[in-house]
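>>> coordinates for the following, if possible.
(4 chains)
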Amino acid sequence: MADIRTLHDAVAELIHDGDTVAMEGFTHLIPFAAAHEIIRQGITDLTLVRMTPDVIYDQLIGAGLVRKLVFSWGGNPGVGSLHRFRDAVENGWPRPLELDEHSHAGMANRYVAGASRLPFAVLRGYRGSDIPTRTDTVSTVTCPFTGEELAAVAAINPDVTVIHAQQADRQGNVRLWGLVGVQKEAALAADRVLVTVEEIVDELSPQAGAVTLPAWAINAVVEVPGGAHPSYAAGYSVRDNDFYKAWDPIARDREKFQAWIREHVLENTAEGAAAR
Amino acid sequence: MADIRTLHDAVAELIHDGDTVAMEGFTHLIPFAAAHEIIRQGITDLTLVRMTPDVIYDQLIGAGLVRKLVFSWGGNPGVGSLHRFRDAVENGWPRPLELDEHSHAGMANRYVAGASRLPFAVLRGYRGSDIPTRTDTVSTVTCPFTGEELAAVAAINPDVTVIHAQQADRQGNVRLWGLVGVQKEAALAADRVLVTVEEIVDELSPQAGAVTLPAWAINAVVEVPGGAHPSYAAGYSVRDNDFYKAWDPIARDREKFQAWIREHVLENTAEGAAAR
Amino acid sequence: MTQTAQQAPAAAEWTSDELMTINAARALVGARTVFVGIGLPSTAANLARRTAHPDLVLIYESGTLGSKPTRLPLSIGDGELADTADAVVSVPEIFNYWLQAGRIDVGFLGAAQVDRYANINTTIVDRGPDKPEGRLPGAGGAPEIAANCGRVLMVLRHSTRNFVKKLDFVTTVGHGSGPGDRERLGLRGAGPVAVITDLGILRPDPATSELVLTDLHPGVTVAQVRAATGWDLKVADTVATTEPPTADELAALRALQAAGRSAT
Amino acid sequence: MTQTAQQAPAAAEWTSDELMTINAARALVGARTVFVGIGLPSTAANLARRTAHPDLVLIYESGTLGSKPTRLPLSIGDGELADTADAVVSVPEIFNYWLQAGRIDVGFLGAAQVDRYANINTTIVDRGPDKPEGRLPGAGGAPEIAANCGRVLMVLRHSTRNFVKKLDFVTTVGHGSGPGDRERLGLRGAGPVAVITDLGILRPDPATSELVLTDLHPGVTVAQVRAATGWDLKVADTVATTEPPTADELAALRALQAAGRSAT
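Okay, the predicted model is just below:
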């Protein structure tokens, strides 16, 4: 059953050194505030899972907390490269970064298998691509009815999934809407689930296209208004495209990056960040 | 692209003798009016697919139009047996009925595979059950990562899927809500899709939990108010539980059944049924 | 579980079906979530929500999570179940992400035939050499409910027609052919832990997995239960008697059934 | 496709990027549905909706079916794409039920490196023996878009850095190593049918599947294109010249880009 917690306590309790952590949100509802709390607490040696690592993982990678990245598209959407990601892969700074790289279709199906508690998923994918030469989580299976050979991808079951949603009620039931991405699957694939929300409400508002996660499928809920910034929460905020563009020169330079993390994350508190 | 048609023309054009037809709707939104039009047109030698055959398939089976049934639970929900289904299976009346029988989980995944255009789906199911001894659409696959053996079920790809929904707009985009069942999967698994709707509207109304099928995934839309009776359309009607109970003595008796079909289906017209 | 001297309604004031349903509802205490079959299990689960277990999360295979129906649904697709749910999901999702994933504490099933290992047949009945098989509704959700829920409760009326020596068809595995079978088959939940009938309660012997009579409803004898069972039913060393229905339980059950009737 | 004497804006009035985008938009005529990558493909698809193809159904991998954005989205997850869509579905669903199922007419891709068979690399760049591999963003949706759409259009700027003799990594298969390869690999769509650049258009030769220069933009020479291509580019027997942008096309493209800029 979901407990309503502070961000500090929820992160400290649910996320540990060495964990495999998925923080999902397809451009929309990216849980930046929770990632910053991970950086403040210095939780390290993480394996991070995310279809689109985005600026959120650029920050965690640059902060030196990540040993492995499982992903399918690592760019700054609409802007260009993720420089901290590239620096880690190309130069091992601040530490080497192991990669498990897939296509979007493969990653989405890995989460589906994880949420279904199946060891693998089947798809038409990867045919002729070099991707399977660099990972041991793509294989093949043969259809027992037609004999066709199809791609198999290994399930992802993170230790913890962190997502941001628009609303939770006081029992801890969570509702998100707009682009719902792969968050339901990522949450249900995990052993533990932490949800930050824009708002805790008496009654969840009806919303077309909403995903509702019942309280009993979640471990902790934290109210963090603006917790997806610079991404956005439909109905609450708009995407801060300027931040994404401004990130490019910050992340290009190791020192500028470190200064930014110091000023905007380390010298901030969970409560200060929430009040932003 | 969906054309807006009459029920007579849509059924005549899209459904043919010998077709495999899925008419879905999990208690809710069952396309009875379309089934009655199939009976009026005498379209026969059908393979019918449906998780819960329900009264709708009892009628088609009793009318002698069905050679094979693919299903997972054949009862009159909340009432008892489907007597026409039983009479066909047990006594071959009015013709023998071949069965391809599954569990709900298996059927649901067969539709998922069909909608995904994969030849099969994987699930944890059927273990220790005698079900696989009577069908050739259950087999096993071995996980290439863990070595675990899992059930495989063959995809279902009907020639035609028929569903009932609450609304379509004038372009033929369809929206259904409430218990959405397996209709999206059944529709997307089919080569051709016919949708009857309660109402054609200028603009689809926003609805929590709605499934929207775009016009370009549908062949024909027909406005048939009450077309799900005696099942129901959330927001438009309530389930006619009395009809389900009244069906039991009608269906028990071959002559009563035939009289009922004659009076309520054959001597009716699509237009008369729609005006009901 | 022994009968107490509390102020319970007198025996004539309840039916054996009411005893069955009330004991089935009681068996849900301690569960957070229950995957509910229609019919007797649904009545029992709804009664539990109205008596000892108001927070019980009812999950129906029609795709509803956390239904709070105000009246008994006639079918698992009643609109009431969706209208009162915390969330409504598709049928593939309910089976794959919720049931198969092992998130549900209790699976609550009825049955047409049960054997001594709590295996279930709901598919066909052998009516003799020269007669066609009798047709039952089929599997529905049961095989995967029994496989994947944390534990399974069963509720059905007690007769030699239902409690049979050998199933004509194994639709759904309970304990297979005995200890170790569920593990061998990869069935992850604990399987059936109680079969609640109109006469009493059977539970699997931890050593043999065979169903044993552990509880009698007030006024029922061991001989009656053995006579209604198609195999040589074993009886626990100490057989408890179930608590008689309380006035609250009876009132809640009758109100539930009356509301169900008047709504149809 | 030959240049006409219509009243087109003079050459100085457009840029080579505008030529590329306008020709990419034109290539969508005849498609009902397009799976749109972000960047140049998204600009071209949105331009098509504002010019010759108002009914074009835009599908983004973020899960939107039928987006009708009023401004250019900066990312494929912009709220504008969801707010204006006919339907929004989950990311697994968009890939499994819509893309993989073969429902989408055209896949519209960009690329970092392309070879003569229109295979794509967006993963890593070999920077020489003693240097670490250069890192590109990775596959995203491209491998399955190229595999499963009815046909594929590509749009990218023309240079020897992008049009290479040999890919450092095959992220996404276009025509593999030549005729029959797509069938052999079980890739169901027709694969790349045109690569639209700022210099002209390349199309696969039906006999060899090798990209051949078939169209030049106004004012561009064959020699310029060959110099910007990392292999010995073949040239069609007759090379057409693309129609210059119309005033309407230019106005629509510029309005779209201005609205995109002012919104960010």
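
>>> quick one: the strands in chain C?
Secondary structure of chain C (DSSP state E): strands at C:33-36, C:57-60, C:64-67, C:87-88, C:106-109, C:113-114, C:120-121, C:124-125, C:134-135, C:151-155, C:192-196, C:200-204, C:211-216, C:234-241.

>>> make TSV out of those and add distance to residue B:268.
Using the backbone N, CA and C atoms, a C-beta is placed for each residue, glycine as well. Below are the strands of chain C laid out as TSV (distance: least, C-beta to C-beta, whole Å):
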stretch	distance to residue B:268
strand C:33-36	37
strand C:57-60	34
strand C:64-67	34
strand C:87-88	33
strand C:106-109	40
strand C:113-114	41
strand C:120-121	40
strand C:124-125	36
strand C:134-135	30
strand C:151-155	42
strand C:192-196	47
strand C:200-204	51
strand C:211-216	52
strand C:234-241	58
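
>>> ok, and which of the ones you listed has the densest surroundings?
strand C:106-109 (a mean of 28; mean count of other C-beta atoms under 10 Å in any protein chain shown).

>>> show me how far stretch A:34-47 is from its chain's centre.
12 Å (C-alpha atoms, centre = their mean, to the nearest Å).

>>> and it, which residues are buried?
Buried residues in stretch A:34-47, counted by 16 or more other C-beta atoms under 10 Å in any protein chain shown: A:34-40, A:43-44, A:46-47.

>>> likewise for stretch C:244-255?
Buried residues in stretch C:244-255 (16+ other C-beta under 10 Å): C:244-246, C:249-250, C:252-253.

>>> list the residues that contact the residue in the stretch 1-150 of chain C positioned nearest to chain B.
Nearest residue of the stretch 1-150 of chain C to chain B, counting by C-beta to the nearest C-beta: residue C:77, 1.9 Å away. Residue C:77 makes contacts with B:26-28, B:77, B:179, B:181, B:231, B:239, C:62, as judged by C-beta atoms under 8 Å, 6 or more residues apart in numbering or on different chains.

>>> contacts only, for the closest residue to it other than its chain neighbours.
Using C-beta to C-beta, 6 or more residues apart in numbering or on different chains and skipping residues adjacent in sequence, the residue nearest residue C:77 is residue B:27, 1.9 Å away. Going by C-beta under 8 Å, 6+ apart, residue B:27 touches B:52, B:54, B:77, B:179, B:231, B:239, C:62, C:75-78.

>>> ok, the residues you listed vs residue D:25, which is closest?
residue B:179 (42.3 Å; C-beta to C-beta).

>>> what's the burial count for that closest one?
30 (other C-beta atoms under 10 Å in any protein chain shown).

>>> excluding chain neighbours, what is closest to it?
In space, residue B:179 is closest to residue B:28, 4.2 Å off (C-beta to C-beta, 6+ apart).

>>> for that neighbour, which residues make a bridge with it?
residue B:232 (DSSP bridges).

>>> how close does it sit to residue D:252?
Applying C-beta to C-beta, to the nearest Å, the value for residue B:28 to residue D:252 is 45 Å.

>>> what does residue A:147 give?
Distance from residue A:147 to residue D:252, by C-beta to C-beta: 50 Å.

>>> so residue A:87 touches residue A:258, yeah?
No: in this structure, residue A:87 is not within contact of residue A:258 by C-beta atoms under 8 Å, at 12.0 Å.

>>> what is in contact with the two at once?
Common contact partners of residue A:87 and residue A:258 (C-beta under 8 Å, 6+ apart): residue A:62.

>>> okay, the two: which has more neighbours?
Shown here are residue A:87 and residue A:258; by other C-beta under 10 Å, residue A:87 has more neighbours (23 against 16).

>>> OK, contacts around the more buried one?
Contacts of residue A:87 (C-beta under 8 Å, 6+ apart): A:62, A:93, A:254.

>>> is it correct that the last one is in contact with residue A:88?
Put plainly, it is residue A:254. No: shown here, residue A:254 and residue A:88 do not form a contact pair, counting by C-beta under 8 Å, at 11.0 Å.
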